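J.: Take a look and give me a structure for this.
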Amino acid sequence: MIVVLASIQLQGQILYEKQDSIIFEKYIKQMHPHKNLAISDLIVRTANFFIDKPYVAQTLEQADKEQLIINLREFDCTTFVESCISLTLTLKSDNPTFDTFSENLQKLRYRNGQIEGYTSRLHYMSDWIYENEQRNTFNNISETLGGTEMTKAINFMSTHANLYPHLKNNEHNVDKIKDIEEIITKREYYAVVPKSKIRSAEKDIESGDIVVFATKTEGLDYSHIGIAIKENNSLSFIHASSSKKRVISEPRNLQQYCHSSKGCFGMTILRIKEFADD
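T.: Purely as a prediction, here's the structure:
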């Protein structure tokens, strides 16, 4: 059953299934005894809560009109990380309700936290990083780990409009995406720890950090995202894996994973702030 919830706090509507609210309540009940742990610890516990949930691509493309889609039953790599961050912030709040979770998710996913059509969603990860760092949700610590600022023309979506249901045959949306791509490109806000420096950076990456993998694909900034986990001096990550079709704790370490991917040339590391602003 699909539930459409009108909300005073949130612009527009929220689209979710009853099972999503049940999963949310189960999460809060199970995690509440741990809510006073550091945010980094809670994010890892939250990620583990969803181990083996199915991977499903394009879960945000199901509605004709742009709405806040909540899906805790299945994930792609981005919605998995967004959900884990938003749930953790909700758990740490004074009002850990489904509405609070919805508000946190909307602020994380949309430019200025406002839903104003398809192009208000932060489609490019570099744009998502920039907006949420400005919002004080996390710090981009890549440069302190040996990362360098990259310059790259961002235009993948507009040059591959046929791959996106809300761009295909919609010149208005394509034009707006082009404007956004131009802003992202001019911003030059793109710090990446290259493959060659991942090993030396590992000692300073912590469990709970967000790991974003930069891609060589022309016109595109990043291709994958997950949550770092350090165990027995080995640094890996939890992610929604398209190849395994589920949320997994990656058996390879970060260096091995990046080197195994022909398209990966490095990674960006984000550290969630202990007290993220509203």
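
J.: and the residue nearest to residue 187 when sequence neighbours are not counted, how many neighbours?
T.: Once flanking residues are discounted, residue 187 sits nearest to residue 130: 6.5 Å by Cβ to Cβ, 6 or more residues apart in numbering. Any C-beta I mention is one placed from the backbone N, CA and C, and that applies to glycine too. Close neighbours of residue 130, defined as other Cβ atoms under 10 Å, add up to 19.

J.: Show the average pLDDT along whichever helix or strand residue 130 is part of.
T.: Using DSSP states H and E, residue 130 sits in helix 125-134. For helix 125-134, mean pLDDT rounds to 96.

J.: Please enumerate residues in contact with that helix?
T.: Identification of contacts with helix 125-134 by Cβ atoms under 8 Å, 6 or more residues apart in numbering yields 78, 108, 111-112, 122, 138-140, 154, 180, 184, 187, 189-190, 212, 221-222, 225, 268, 270.

J.: coming back round to it: could you measure from the residue nearest to residue 187 over to residue 16?
T.: 28 Å (Cβ to Cβ, to the nearest Å).

J.: Helices of the protein, residue ranges please.
T.: For the chain, the helices defined by DSSP state H occupy 18-31, 39-49, 77-92, 98-109, 125-134, 156-159, 171-187, 198-201, 254-260.

J.: coming back round to it: and the buried ones among the contacts of helix 125-134, selectable in ChimeraX?
T.: To isolate the buried ones among the contacts of helix 125-134 in ChimeraX, judged by 16 or more other Cβ atoms under 10 Å, type:
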select :78,108,111,122,138,140,154,180,184,190,212,221,222,225,268,270
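
J.: is it true that residue 89 touches residue 104?
T.: Yes: look at residue 89 against residue 104 with Cβ atoms under 8 Å: they come within range, at 4.9 Å.

J.: ok, the two, which is more surrounded?
T.: Using other Cβ under 10 Å, the more surrounded residue of residue 89 and residue 104 is residue 89, with 26 against 23.

J.: hey, what's residue 235 bridged with?
T.: residue 230 (DSSP bridges).

J.: Then the one 5 residues further on?
T.: Legend: beta-bridge partners of residue 240 under DSSP bridges are residue 247.

J.: need the contact list for it.
T.: With Cβ under 8 Å, 6+ apart as the criterion, the residues that contact residue 240 are 53, 55, 75-77, 79-80, 226, 246-247.

J.: got it, and residue 91?
T.: By Cβ under 8 Å, 6+ apart, the neighbours of residue 91 are 27-28, 31-32, 35, 42, 46.

J.: List only buried entries from these.
T.: Using 16+ other Cβ under 10 Å, the buried ones in the contacts of residue 91 are 27-28, 31, 42, 46.

J.: before we move on, the earlier item: what are the buried residues along the helix holding residue 130?
T.: For helix 125-134, the neighbour count (16+ other Cβ under 10 Å) marks 125-132 as buried.

J.: Chain neighbours aside, what residue packs nearest to residue 200?
T.: With Cβ to Cβ, 6+ apart as the criterion, residue 200 has its nearest non-adjacent residue at 6.4 Å, and that residue is residue 146.

J.: Could you check how far that neighbour is from residue 205?
T.: Applying Cβ to Cβ, the value for residue 146 to residue 205 is 11 Å.

J.: and those two? which has more neighbours close in?
T.: Between residue 146 and residue 205, counted using other Cβ under 10 Å, residue 205 has the larger neighbour count: 21 against 16.

J.: In terms of pLDDT, where does that one sit?
T.: Looking at residue 205, its pLDDT stands at 96.

J.: That one contacts residue 269, doesn't it?
T.: Yes: using Cβ under 8 Å, residue 205 makes contact with residue 269 at a distance of 5.8 Å.

J.: Need the residues touching each of those two.
T.: Taking Cβ under 8 Å, 6+ apart as the criterion, residue 205 and residue 269 both touch 145, 211, 228.

J.: from those residues, which is closest to residue 175?
T.: Nearest to residue 175 among the shared contacts of residue 205 and residue 269 is residue 211, at 33.2 Å by Cβ to Cβ.

J.: for the closest one, what are its contacts?
T.: If you count contacts by Cβ under 8 Å, 6+ apart, then residue 211 has 205, 225-228, 237, 254, 267-269 around it.
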